[in-house]
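Sequence plus predicted model, see below.
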Amino acid sequence: MHVELFKVFIPMYEPYELAKEFVKKVEENIVNIEVDVSTEGGQIDELFESLKSISYLERAHAARSLGELGVRRAIPLLLTMLDDSRDYVRLQVVSALGMLMAREAIPKLGDMLVRETNEDVKIEIILALKSVGGDKVDNILKQVSDLPNMPQFLKGIPKL
């Protein structure tokens, strides 16, 4: 009986090794998914065209879809759409940039956070910045937390 229990026992380092293997497999699958999605030219090209539509709903949904699909090559075009006149489009573009964890969007999102007037868009900017993360984001959020036009939940972040 004791021999059977010994065979089942897993040393402490093995779960760590198994976790590392799992993370590696997940990362490999993410890369494979990005490659697979970006090679489906027709549908992705249609979404890129929809970003230029006169319909604000079509622009918004295309931006969101590109973010959900992980199409990172959309980031430069999405960055230009942050100035769209429609709140809903800006909200979806910011959400897409957050899904894509677009580090290159940090400065523009930080500037946008200060000047944006729509509360929902501001909240989405904060969520997108937090999804990107890092010291730059923390500094931006601390700098703007006491401005009068910031969402209530952002106030009170301690300054360094």
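Cool, got the structure.

Give me the neighbour count for Asp135.
Counted by other Cβ atoms under 10 Å, the residues lying close to Asp135 total 7. Backbone N, C-alpha and C define where each C-beta goes, glycine included.

Now do the contacts for Met81.
Applying Cβ atoms under 8 Å, 6 or more residues apart in numbering, we find Met81 in contact with Leu51, Arg59, Ala63, Val89, Arg90, Val93.

all helices of the protein, in order?
2-8, 13-38, 41-50, 56-69, 75-80, 87-99, 106-115, 119-132, 135-144 (DSSP state H).

Any idea which of these has the lowest pLDDT on average?
Of all the helices of the chain, the minimum mean pLDDT falls on helix 2-8 (a mean of 42).

So Leu97 sits against Ile75, correct?
Yes: at 7.0 Å, Leu97 and Ile75 qualify as touching, with contact defined as Cβ atoms under 8 Å.

so what sits against both of the two?
Ala105.

where's the residue lying closest to Ala62 once chain neighbours are set aside relative to Leu57, distance?
Among residues not flanking Ala62 along the chain, Ser50 sits closest, at 3.5 Å (Cβ to Cβ, 6 or more residues apart in numbering). Going from Ser50 to Leu57 by Cβ to Cβ, to the nearest Å gives 10 Å.

Run through the residues that contact Met118.
For the record, residue 118 is Asn, not Met. Counting by Cβ under 8 Å, 6+ apart, Asn118 touches Asp87, Arg90, Leu91.

Same question for Gln143.
With Cβ under 8 Å, 6+ apart, Gln143 has no contacts at all.

ok, now how distant is it from Glu49?
From Gln143 to Glu49 the distance is 38 Å (Cβ to Cβ).

ok, now which ones touch the closest residue to Val94 other than its chain neighbours?
Nearest non-adjacent residue to Val94, counting by Cβ to Cβ, 6+ apart: Glu124, 4.6 Å away. Glu124 makes contact with Leu91, Val94, Ser95, Gly98 under the criterion Cβ under 8 Å, 6+ apart.

right, and the second one touches Asp83 too?
To tie it back to what came earlier, the one meant is Val94. No: using Cβ under 8 Å, Val94 is not in contact with Asp83, being 11.7 Å away.

Please consider this matter closed, and thank you.
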